[in-house]
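Colleague: Sequence and predicted model, in that order:
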Amino acid sequence: MPNLEAEPRDGRPSPEAFLAEAARETRGRFKLFIGAAPGVGKTYEMLRVGKAKLAEGTDAVIGVVETHGRAETAAMVEAFEVVPRRKLIYKGRETDEMDLDAILKRHPDLVLVDELAHTNAEGSRHPKRYLDVQELLAAGIDVYSTMNVQHLESLNDVVAKITRIRVRETVPDNILELADEIEVVDLTPEALVERLEEGKVYVRDQAQRALKHYFSIGNLTALRELALRATAQRVDNQMLQYMQSHAIEGPWGASDRVLTCVSEDPRSVELLRYTRRMADRLKAKWTALYIEGPRHSVLSETQRDTIAETLRMAERLGGEAITIPGERLADDVMTYAKANNFTHIVVGKSQRSPWFEMIHGSVVRDLVRRSETISVHVIAGEPLREPRRGEALQTQSVPLAVHPGAYLASVLMVAAAVGVSYLIDRLVALQNLSLVFLTAVLFSALRYGLWPSIMASLLSVAAYNFFFIPPLYTFTIADPSNVFALVFFLIAALVVSNLTAQKQRQTQSMAARAKTTAELYAFSRKIAGTGSLENLMWLITYQIAAMLSCDAVVLLPGPDGLQIRAGYPPEDTLDAADMAAAEWSWAHNHVAGHGSDTLPGGKRLFLPIQTDRGAVGVVGIIREKPALLSPDERRLLDALLDQAAVAMERVRLAEDVDQVRLQAETERLRNALLTSVSHDLRTPLATIIGALSSLNSYGESYDPATRADLIASAQDEAERLNRFVGNLLDMTRLESGGLTVNLEPIDAGDAIGVAVSRARPLLLHHRTDIDLAPDMPMVMADFVLLEQVIFNLVDNAAKYTPKGTAIRIAGHVEDAADGPWAVIEVIDEGAGIPLQSLEAIFNKFTRLQAEDRTRAGTGLGLPICRGFITAMGGTIAAGNRQDRSGAIFTIRLAKAEPVSDSVSKVEAHVG
Amino acid sequence: MSANPPKILVVDDEPQIRRLLKTSLMPQKFEIAEAGTAGVALKRIDAEEFDLIILDLGLPDRSGIEVIEEVRKTSSVPIIVLSVRSDEGGKVKALELGADDYITKPFGMAELVTRIRVALRHRYQAQGTQPVLKAGDLTIDLVNRRVTRGTQEIKLSPTEYDILRLLTEHAGKILTHDFLLRNVWGDDKVDDVQYLRVYVRALRQKLGDKIGESEIIRTEMGIGYRLTAGDASEG
C-alpha cells in the first residue's frame, strides 16, 4: 500500500527539482570559467572555447572582454564580432560599459562576458554585471563568463583571511547554481608565479601593494583548493539535482536541517556564510531565524536595517529566512528547532563579558543545556567588519528628530525646580533638595527623551550647586561631602534619564506598531469587502499614499502592455524613465526604479505585486522628502503589497467564478430556449399541418361539422403560434436593450379594453369583469407595452384556471408610503400559485404545470410582463387571494398628473 | 356600388401572401391584380385604374411609404397598408401620407374584407356625409347635432361633440391622433395626445361604452381611434 503522504522519493521526481529543470529549458545556458586567482588564464580559456563554438557555427559574440593589452588574448578576440560598448558620462568622467540593450537586440546564440563580478558605472541599468548576465540568460541567450573564486560571497571572508585583501566586488553564491556548467581554469601556483614574473598577469593598482603577499605560493595553493572545492561541491549539487529530477534513488540524507540564529549583530552575516557552507556539506536545507523579542522595539534604525539585511542575505545564500515573535531567546529557538525537526543549530559566540553572562544568563549555555539530540555549533566571530550597503533596495534611516523646543522646555523644568527648591528651602528647610531636581529630570526624560533629559541632568547639577550648595551663587563647593552628593546625584539623574527615556521610546514604538497593525488590519478588512478590481486598486493606492505619505500608482497589464489603473493622487501618465522601470519590474518580478538596483534613474520606485501565480501588477511610489524609504516603511510597504496581492487574487478568482456562473446560466437559458422553441413551435405546427393535410386529402369525406372543427383547431393553433413568436420577439427586444419606452399619460381602462378585446378568442370559456374605480387616474405608461402586459396576464389566467371561472381586472389608486400609485390587478379563481414559486414564475422558462397538464405556457409571458413594467418604472408582483383560491397579479404604475380634472372643469363651464 | 367587381391591386413581395389574398378575395367578388415590387406597382397604377390598393410596407426595391407618396401625387385611390406588429411609427407615417387604413400581419380574412368594404364605401360616398348614424340604440344625428340613446339625449361638451362628429363622418375609418387634434383643437395642440385621451375617455363613458366589450369608439394602439358603428352595419 503506497503512502500518499510520503515524500516523493518512491520513484517520482521531486516537483521542485522538476520546476528548476524546466525553467532552465527556456533560459540561456550559463557557463562559468572559474579561477583561483587573477592571471590563471580564464579569459583566454573562455575565448578558446567560444572560438570552438564559433567554428561549429554558433552565433557567438563578445559582450565585453578585457585584453589588458595581452597580445594572445587580443588575437583571440579578433575572431569574434564585438558588440560595441556603451559610453556613459557620469560626473564628467567618461566610462564605457557592456551595452546590455544592444546585446539583447542583437540576440546572438552566445555572448562572452568577462569579469562577472564587475561593478557597473552609475547610470547603468543594473549596478552589477552578474545582474546583466541574469537578464541575458532570462532572454534565452547563452552566456560564458569568468570569475575568480574570491568574488564568491560565501568565500569572501575566508579569502580575505588567507590573502588579507578584502575584495569588495562579490557575487552571490546562487550564481554558481545558475551555472549549467563550471570549468575550473587551473594553473599550478608555481606556474602562476612564473607568469606573474614574466609580466603576463594584470593586477589592478590597488592590489599592487599587497601583490607580493597575495601571490605567495602558500596563498595560491589555498585559493586553488578553495576554487576546486567550491566547484566540486557545485558539481555534487548538480548531480544531486539530476538524480532528484530523474527520480534516482540516492544516498542523500534529507534528514539534516540546519538552523542559525541571527541578531542585529553585523557578524550575523558571517554566521550565515558558515551555516551555508555547513549545510552544503551536509546537503541539508537551512534556515536563518530571528526572534523578535521585547528588545526589538528599542533597536536603532540601523540595527533593524541590519536584521532585515541579514535575513535577505540568508535568502540570497539559498536559505530560508524566518522571523517569529518571542520572549526568551533560548526557549523560543529550541521550541522552533524541535517543532521543525532541525538537527543542527549554529549560533555566534557571545561577545559579552563573563560578568554580564553571570547576571543575565547566556543564551548559548541555555541552548546547549536544552539541546538534547540537536547539535549546537558555537562559532567564534571576528571583530566587526565594516557594514555593507543595502542589497536590492536602498533604504534610508530616519534619525529621531528632537525638537529644539524640548531642550528649552527641559531648561524651564530645571528653572522651575530651582523655584520650587527655593520655596521649600525657605519654608521647611528640607535637607535633600536634589530630589526636586531629580523630579525635573524624570519629567524631561518622560516627555522629551534621552538627550534633553541628559542636558537637564547636567543643568540640574550646575543649578543645584549654584543656588543651594554653599557658598551660594558660586560654582565652588566648600564642603567635600557635597561633592560626593553632587556626583551621586549626577549618576542617579543619568540613570533615571536613560531608563525612563528607554521605557518611553519602547512605549512609543509599541504604540506606533500598534497603530500600524491596526491600520493594516483595517486595510485588510476594507479590501476584503471590495468586490471590484477598480475599487480595490483605488483602495490600495490610497492606503499606500496615506501610510507612507507618498504618491502611489498601480499599473496592471492591459492589452497594450502595462497601464495605470489607479493613482492617488490621480495620475494618468508616467514619463519614459518611470515607464521603463515599471515595465522592467513587471517583466522581471523585481523592484526597479528610484533607489533600487535597476534603472535607478527614474523618479519612482516600482514594486511588483506578487501572488503565488507570479506578479499581477506593479505599484509605483514617489515621495518628495525623504525620497528613500526607511526600513520600517519598506517592511510596511511589503506588508501592504502582500495584502493587496491576496485581495487582487481573490477578486480575480471571484471574477473567474462569476464568469463560469454566467456561462452556465447562459448555457441553461440557451438550452431552455431551444427546448421551448422546438416544443412550442412544433406543437402548433403539427396541429396546423395535420388539420390542413387532412382537409386537403380527405375533405370530401368529412361532414361539415368535422371540417369546421379541423379548420377551427388549425386557426387556434396558428394564433397560438403567432402569440409565441410575439413573445419571443418581445423577449429579444427586452434583452437586446432594443426596447423603446414611450411614457405618456394614458387611460388604463383603454389599454385594458384593447387587451381584453384582443384576448377575446382565448376567453371563450371564462367570464371577464372589468372593475375600474371611478377615481382611477390616468397612468404614466407606454400604451403598447401596458396592453401587452395585460394581455399576457389575461392569457395566463385563462390558461391556468378552470373553465367557467371569472377573471377580474380591477383598477384603483393606492396611497403607499412612497406616494400614490395607480394599481391594476388581474385576479383569477384558479388554484393559486405555490408560495415558493411567487418570484420564480417571473424567471424565463419557468412554467407551472397547468391542472390538466397540457396547457403549460411558454415561460416567457410573465418575464416579459416584469421586463415591460420595470421599463415603465413600475412594479409587478404575484400573490394569492385571501378570500378564496386564486392568484392576484398586481401592477403598480406612476399616476399621471391629473390633467383630466382641469380639462373637465373647463368643459363643464362651456357645456 | 358599380356593376363591375372592384379592382384591387395587391402589392407584396411574398408570393404566398399574394396567392392567399387572390384565392381568398376572388370569391368575395373582387378582381385581383398583383405586383411584387414597388416599381411594377407604380407602373400598373399609372397604366390602369384601380379601386383599391393593398400595400405591403416592406418592399425590396423602395419602401411602401414612398409608393404612397408617389400614388397620392395623382390619385386618391384608397390604400390599405399591410404592416407588422410593433411598427406603430410606420403605420402612423403611412396614414399621415394618405393611406386610408392599415391591417397588421398576421390578419384574419374577415377583418380584411371589412376594411376593404369600408374603404370602398368612403370612396363612393365621397367624404361620407351620412347625416344620421345608428348603432344599437345609439343615434348620432349630425344635422341636428343630437346624440341620443333610445329617447334620452346625451349631453356632450362642444369638444366631445367635435370628436364624435369627426369619427362619425369617417365611420369605420381610422383617424390618427394627429388628425383629430388638428381638426378639433387646431395646429398648436398637435402634441397633446393626453388631452385627446381624456376626452375620449369621457366621451366613452357618456356613450355607455363597456371596456373590453361593446365599443363604439375603438382604440388603435399608438395610432388613433375609429368608430366601429359603420362596420357593424355591414359586417
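Modeller: Arrived safely, thanks for sending. Numbers count the residues shown, from 1 in each chain, chains lettered A, B, ... in the order given.
Colleague: end-to-end on stretch A:763-783?
Modeller: Using Cα to Cα, to the nearest Å, the end-to-end distance of stretch A:763-783 comes out at 22 Å.
Colleague: need the contact list for residue 36.
Modeller: Defaulting to chain A. Going by Cβ atoms under 8 Å, 6 or more residues apart in numbering or on different chains, A:A36 touches A:148-149, A:186-187, A:220, A:223-224, A:226-228. The C-beta positions use only the backbone N, C-alpha and C, and glycine is treated the same way.
Colleague: switch to chain B, that's the one I care about
Modeller: By Cβ under 8 Å, 6+ apart, the residues touching B:G36 are B:11-13, B:15, B:18.
Colleague: what do you get for A:M334?
Modeller: Per Cβ under 8 Å, 6+ apart, neighbours of A:M334: A:367, A:370-371, A:374.
Colleague: and the next element down the chain from the helix or strand containing it?
Modeller: Secondary structure from DSSP states H and E places A:M334 in helix A:329-339. Following helix A:329-339 in sequence order, the next helix or strand is strand A:344-348 (DSSP H and E).
Colleague: ok, that next one: who's next to it in the sheet?
Modeller: Here strand A:344-348 has these sheet partners by DSSP bridges: strand A:257-261 (parallel), strand A:375-379 (parallel).
Colleague: Near chain A, which residues of chain B? Just list them.
Modeller: Selection of chain B residues close to chain A by Cβ under 8 Å from any Cβ of the partner chain yields B:85-86, B:88, B:106, B:155-160, B:193-195, B:197-202, B:210-213, B:215, B:218-219, B:221-222.
Colleague: mind listing the strands for the stretch 651-800 of chain A?
Modeller: Here the stretch 651-800 of chain A has its strands, by DSSP state E, counting those that start in this stretch, at A:744-746, A:767-772, A:779-781.
Colleague: Number of residues surrounding A:D769?
Modeller: Using other Cβ atoms under 10 Å in any protein chain shown, A:D769 has 11 other residues around it.
Colleague: For the closest residue to it other than its chain neighbours, what are phi and psi?
Modeller: Closest residue to A:D769 apart from its sequence neighbours, by Cβ to Cβ, 6 or more residues apart in numbering or on different chains: A:R808 at 4.5 Å. Here is the backbone geometry of A:R808 (degrees, to the nearest 10): phi -110, psi 130.
Colleague: May I have the beta-bridge partners of A:R808?
Modeller: A:D769, A:I827.
Colleague: which ones are touching it?
Modeller: Going by Cβ under 8 Å, 6+ apart, the list of residues near A:R808 reads A:768-771, A:825-828.
Colleague: What score does it have for pLDDT?
Modeller: In this model, A:R808 is scored at 93, pLDDT.
Colleague: Okay, it and chain B: tell me how far apart.
Modeller: In this structure, A:R808 and chain B are 12 Å apart, going by Cβ to the nearest Cβ, to the nearest Å.
Colleague: Likewise for A:R295?
Modeller: A:R295 is 81 Å from chain B, by Cβ to the nearest Cβ.
Colleague: now do A:L764
Modeller: Look at A:L764 and chain B: by Cβ to the nearest Cβ, they are 14 Å apart.
Colleague: what about that residue, how many neighbours?
Modeller: 8.
Colleague: what's the answer for A:T275, then?
Modeller: Residues lying near A:T275 (other Cβ under 10 Å) number 28.
Colleague: Contact partners for it?
Modeller: Counting by Cβ under 8 Å, 6+ apart, A:T275 has contacts A:258, A:260, A:286, A:288, A:319, A:346.
Colleague: ok, and what's touching the helix or strand containing A:M537?
Modeller: Here A:M537 sits within helix A:533-548, counting by DSSP H and E. Contacts with helix A:533-548, where a contact means Cβ under 8 Å, 6+ apart, come from A:516, A:519, A:523, A:526-527, A:530, A:550-554, A:556, A:565-569, A:619, A:621, A:623, A:629, A:633, A:636-637, A:640, A:644, A:647-648, A:651-652, A:655.
Colleague: which residues sit against stretch A:187-197?
Modeller: A:35-37, A:39-41, A:201, A:215, A:217, A:220-221, A:224.
Colleague: Next, work out how far apart B:Y102 and A:F868 are.
Modeller: From B:Y102 over to A:F868 the distance is 23 Å, taken as Cβ to Cβ, to the nearest Å.
Colleague: more crowded one of the two?
Modeller: The neighbour count for B:Y102 versus A:F868, taken as other Cβ under 10 Å, is higher for A:F868 (26 against 23).
Colleague: Quick check: closest non-adjacent residue to whichever residue of the stretch 751-900 of chain A sits closest to chain B.
Modeller: In the stretch 751-900 of chain A, the residue that lies nearest chain B is A:V756 (3.2 Å; Cβ to the nearest Cβ). Excluding the flanking residues, the one nearest A:V756 by Cβ to Cβ, 6+ apart is B:G212, at 3.2 Å.
Colleague: Let me see the ranges of the helices in chain B.
Modeller: Applying DSSP state H to chain B gives helices spanning B:15-25, B:38-47, B:64-72, B:88-96, B:109-125, B:158-169, B:177-184, B:193-207, B:229-234.
Colleague: residue closest to the middle of the chain?
Modeller: Went with chain A since none was named. Residue closest to the average C-alpha location in chain A (Cα atoms, centre = their mean): A:A645, at 2.5 Å.
Colleague: Let me rephrase: I mean chain B.
Modeller: B:K173 (3.1 Å).
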